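Participant: model this:
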Amino acid sequence: INSSYGWNNNQFAPGNFSSQATSTSLNIGATLTWNIFDGGRSNVQRQNSKLAMENQQINLERTRLDLERQVQNAWTVYQTALFVMKAEEKNLQTNHRNFDRSKEQYGFGLITSIEFRQAQFNLLTANLNFNQAKYSAKIAELELLRLSGTILDAKF
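Facilitator: Below you'll find the predicted structure:
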């Protein structure tokens, strides 16, 4: 749509039929264009849009499957870490009993100081292994909470 307004004032030399002429004009117009043939560009754009949407849906599904796989792996790691922690706890209890028995036998002179030191070392190693198993279980739990999106709501 376009419009224009014009005003024109002319003064002529003496001896002309008219010495002055003034005119005003108003012009209004509208133009409408429609491409009858655009070289197939709109069809190509429509096809590209459909392909882009399908690609986004495939990426969304791939991301969802990847997240499910990560959660399942994290759950398996967590369950394994809990199992290892329980086994190490039982091992620690066993080493406590062995150490107590060795301490008693050492007091009676039935074992040597080397055997007593070995019992101490075994207890220390079992305690270290149990603490490492607890740490691994907690790390696995945190990873599971992170993937599930509930790490901020977790109570420790």
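Participant: Please point out which parts of the helix or strand harbouring Leu124 sit buried.
Facilitator: Leu124 belongs to helix 113-148 when assigned by DSSP states H and E. Buried residues in helix 113-148, counted by 16 or more other CB atoms under 10 Å: 116, 119, 122-123, 126, 129-130, 133-134, 136-137, 140-141, 143-145, 147. From N, CA and C alone the C-beta is placed, and that goes for glycine too.
Participant: For that helix, which helices and strands make contact with it?
Facilitator: When contacts are defined as 3 or more CB pairs under 8 Å, 6 or more residues apart in numbering; DSSP states H and E, helix 113-148 packs onto helix 41-108.
Participant: tell me the average confidence for the helix it packs on?
Facilitator: For helix 41-108, mean pLDDT is 96.
Participant: by how many degrees do it and helix 113-148 diverge?
Facilitator: On the basis of axes from the mean of the first three to the mean of the last three CA atoms, to 10 degrees, helix 41-108 is oriented at 160 degrees to helix 113-148.
Participant: Can you name the residues that contact the nearest residue to Ala87 once chain neighbours are set aside?
Facilitator: The spatial neighbour of Ala87 that comes closest, neighbours along the chain excluded (CB to CB, 6 or more residues apart in numbering), is Ala133 at 7.8 Å. Counting by CB atoms under 8 Å, 6 or more residues apart in numbering, Ala133 touches Ala81, Val84, Met85, Ala87, Glu88, Glu89.
Participant: if we go to 7 Å?
Facilitator: Applying CB atoms under 7 Å, 6 or more residues apart in numbering to Ala133 gives the contacts Val84, Met85, Glu88.
Participant: What is the nearest of the residues you listed to Asn98?
Facilitator: The nearest member of these to Asn98, counting by CB to CB, is Glu88 at 15.0 Å.
Participant: count of neighbours near the closest one?
Facilitator: Close neighbours of Glu88, defined as other CB atoms under 10 Å, add up to 21.
Participant: Against Phe116, how distant is it?
Facilitator: Glu88 is 23 Å from Phe116, where distance means CB to CB, to the nearest Å.
Participant: residues in contact with the closest residue to Thr125 other than its chain neighbours?
Facilitator: Leaving aside its sequence neighbours, Thr125 sits nearest to Asn95 (CB to CB, 6+ apart; 7.8 Å). Listed by CB under 7 Å, 6+ apart, the contact set of Asn95 reads Asn122, Leu123, Ala126.
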